[in-house]
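Enquirer: Quick one, what's the 3D model for this:
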Amino acid sequence: MKCIVLPEKHNYDGSQISSLWAYNSFGVQEDSVIVFRGACDVKIEHMIDLEDRRANESIWSEDMLNFIIEHFDSTDLKLIYARQRLFTAIVREYLEGLGILTSREGDDLFFNGKKLTVSIASTSAVSQKIHFGMNVSHEVYGNLKEAGIEDDESIVRLMQEIGDSYVREFEDIEKDLRKSRPLGVV
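Expert: Residues are numbered from 1 along each chain as shown. Sure, this is the predicted structure:
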């Protein structure tokens, strides 16, 4: 698994959750976490969450950190939702290490009672995908500026370290798979 933090800003419009986006955009053919910063404006045609789509919800942020995760080992929807919750827990743990206390409800994090993140997971015929976005600044929702993280250096470090933490988690899982004997085998 590979983590790539893009140095330039990219806006998130929802199309990045499509299968093989990392390969089409950056030549990455393995499991990956692609991280970038930019505005977010998800168009209705790219909305995966049918509740949001039916309610004609707006998913918008002037400045957001975006984590695009792709796994190729399964197309199981329940598994990618479990991985999405794991990623959310990793982000919460990381922020707590910085002294930023958040609460978690499912795949969402809240800071000072305001929603800090957006996230969706889905599958295709070839992979599982997650988009996890965290507001850097926002007039209505929770954001990293309110939490005291606003300088570019701290934000880039946060992007890299969270992405790397997720990669390490999966490397550790792979090691555990190779040391555990199956039940019923002596």
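Enquirer: tally of neighbours for the residue lying closest to Ala125 once chain neighbours are set aside?
Expert: The spatial neighbour of Ala125 that comes closest, neighbours along the chain excluded (CB to CB, 6 or more residues apart in numbering), is Thr75 at 6.7 Å. Every C-beta, even on glycine, is put in place using the N, C-alpha and C of the backbone. By other CB atoms under 10 Å, 16 other residues sit near Thr75.
Enquirer: And Thr123, how close does it get to Trp21?
Expert: Going from Thr123 to Trp21 by CB to CB, to the nearest Å gives 14 Å.
Enquirer: Point to the residue nearest the middle of this protein.
Expert: Centroid-nearest residue in the chain: Phe132, 2.9 Å away (criterion: CA atoms, centre = their mean).
Enquirer: In terms of helix, strand or coil, where does it fall?
Expert: strand (DSSP: H, G, I helix; E, B strand; the rest coil).
Enquirer: Could you verify my assumption that it touches Met64?
Expert: No: using CB atoms under 8 Å, Phe132 makes no contact with Met64, being 10.0 Å away.
Enquirer: elements contacting the one helix or strand Val118 maps to?
Expert: In the assignment (DSSP states H and E), Val118 maps to strand 117-123. Applying 3 or more CB pairs under 8 Å, 6 or more residues apart in numbering; DSSP states H and E, one finds that strand 117-123 makes contact with helix 77-97, strand 108-111, strand 128-137.
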